[in-house]
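Novice: what would the 3D arrangement of this be:
(chains A and B)
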Protein chains: 2
Amino acid sequence: MATYQTDLPAIFGALSDQTRFAVVERLARGPAAVSELAEPFPMAGPSFLKHLKVLEQAGLIKSSKLGRVRTVQLAPESMRSVEDWIRAHRSTWEKRLDMLGQFLERDTQ
Amino acid sequence: MATYQTDLPAIFGALSDQTRFAVVERLARGPAAVSELAEPFPMAGPSFLKHLKVLEQAGLIKSSKLGRVRTVQLAPESMRSVEDWIRAHRSTWEKRLDMLGQFLERDTQ
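Specialist: Down below sits the predicted model:
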């Protein structure tokens, strides 16, 4: 079985929650201050910060503090590892679909 | 915000568990009977079937029964929707990285 540098199930777990998924979608458009990020979500500050912590621990976001403002941005490397994983498996499916196609073609000739 | 036909957070939730992730990796190599799939996992049959149900409800696998043997296979469409989602966001990141590159280049000239 292939091994990956990143913990893919942890990344998938971080993305399995609607709030965290929406945060990632927002950050895909560019970095944002935590206060701006939290604004659309009807939850208490500490609950929102817990969601950010899950995303950060999964390696999906990075944050930096300047004065009193903490800015959050996406860490695209994690997304890339998900994409690489899917691509690696897709090539196997596609090979199988090709084989099926050849088999069906041979069958109809 | 973009909308997707598939429930991506549900797909990510299904993939967030090590057992289910391993099942998907196994099925990427080809279909398998439930008994064969369950074999490497040290858990009771009903627990394993629950994992398969989560994968099936997320649209990641399909199963069919012939006689007494239920065979499971991957449903690549769900994986494709994850890939499409990542690709859509990647183009935004890449644009931003390009803009940063141009800015830095202009700055050093």
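
Novice: ok, the nearest residue to A:L27 once chain neighbours are set aside - contacts?
Specialist: Leaving out its chain neighbours, the residue that sits closest to A:L27 by Cβ to Cβ, 6 or more residues apart in numbering or on different chains is A:L74, at 4.4 Å. In this view, the C-beta of every residue, glycine as well, is placed from N, C-alpha and C. A:L74 is in contact with A:24, A:27-28, A:31, A:60-62, B:93, counting by Cβ atoms under 8 Å, 6 or more residues apart in numbering or on different chains.

Novice: what's the answer for A:E77, then?
Specialist: With Cβ under 8 Å, 6+ apart, A:E77 has these contacts: A:6, A:59.

Novice: that one is in what secondary structure piece?
Specialist: According to DSSP states H and E, A:E77 maps onto helix A:76-108.

Novice: closest to B:L15 among the contacts of A:L74?
Specialist: Nearest to B:L15 among these, counting by Cβ to Cβ, is A:L60 at 14.3 Å.

Novice: ok, then the element right after the helix or strand where A:F12 lies?
Specialist: Element membership for A:F12 (DSSP H and E) is helix A:8-15. Remark: after helix A:8-15, the chain's next helix or strand is helix A:18-27, criterion DSSP H and E.

Novice: pull out the buried residues from that next one.
Specialist: If you call a residue buried by 16 or more other Cβ atoms under 10 Å in any protein chain shown, then helix A:18-27 has these buried ones: A:19-27.
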